[in-house]
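**Student:** Sequence and predicted structure are below.
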Amino acid sequence: MEPTISRSTDVPADPDTVWSWVTDLPRMGELSPENVGGRWLDTPGLGARFRGRNRNGELQWWTRVKVVAFEEGRRFAFDVRTPLGSRVSRWEYVLTPSPAGCRVTENWYRSGAWVVRKFMGPRVTGRADRPGYNVRSIEHTLAALKARAEQRAAA
């Protein structure tokens, strides 16, 4: 399956460090412009579930999430569903060692039903152009990961 959106950046930190950041659900809000955090419902690992929390201005919502790839220091992917169980998307972080530290690729796969994409999603999230927004969101998250690594290296 090809991602709907894919962006990458080089981060001056080793893959294990970046892995710890992208799997730290309560602190994800420090990196993401929309996600304000999450909490594990199971022990982190393949098949684990967590609840994600998101915000757009006054609008707030949560999602049901299941981990579909959990390769420590390498790959973290999860499927997102509405609270009622409708498919929404898949998100994925792929970490590859590089001379700079690691290359981080964030992928978004659109997988929701037409009614979710056209009606439910925009009403709940306030975003009519989800792919357009997610390009900016992914770029923001990757820049925040890079900035965190640079601040850590400078300290």
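**Tutor:** Right, received. Where do you want to start? In this text the structure is predicted, and so the values were computed from the model without any measurement.
**Student:** so what's the residue nearest to the spatial centre of the chain up against?
**Tutor:** Most central in the chain under C-alpha atoms, centre = their mean is Trp91, positioned 5.3 Å from the mean C-alpha point. Contacts for Trp91 (C-beta atoms under 8 Å, 6 or more residues apart in numbering) come out as Ala77, Phe78, Val80, Glu106, Asn107, Trp108, Tyr109. From N, CA and C alone the C-beta is placed, and that goes for glycine too.
**Student:** give me that answer again for 7 Å
**Tutor:** Ala77, Phe78, Val80, Trp108 (C-beta atoms under 7 Å, 6 or more residues apart in numbering).
**Student:** quick one: secondary structure of it?
**Tutor:** strand (DSSP: H, G, I helix; E, B strand; the rest coil).
**Student:** Could you give the bridge partners of it?
**Tutor:** Beta bridges link Trp91 to Phe78, Trp108 when assigned by DSSP bridges.
**Student:** ok but Arg123 is inside a strand, no?
**Tutor:** No: applying three-state DSSP, one finds Arg123 to be helix, outside a strand.
**Student:** okay, it: pLDDT?
**Tutor:** pLDDT recorded at Arg123 is 92.
**Student:** And it, how far from Ala77?
**Tutor:** Separation of Arg123 from Ala77 (C-beta to C-beta, to the nearest Å): 27 Å.
**Student:** Pick out whichever of those two has more residues nearby.
**Tutor:** Using other C-beta atoms under 10 Å, the more surrounded residue of Arg123 and Ala77 is Ala77, with 18 against 10.
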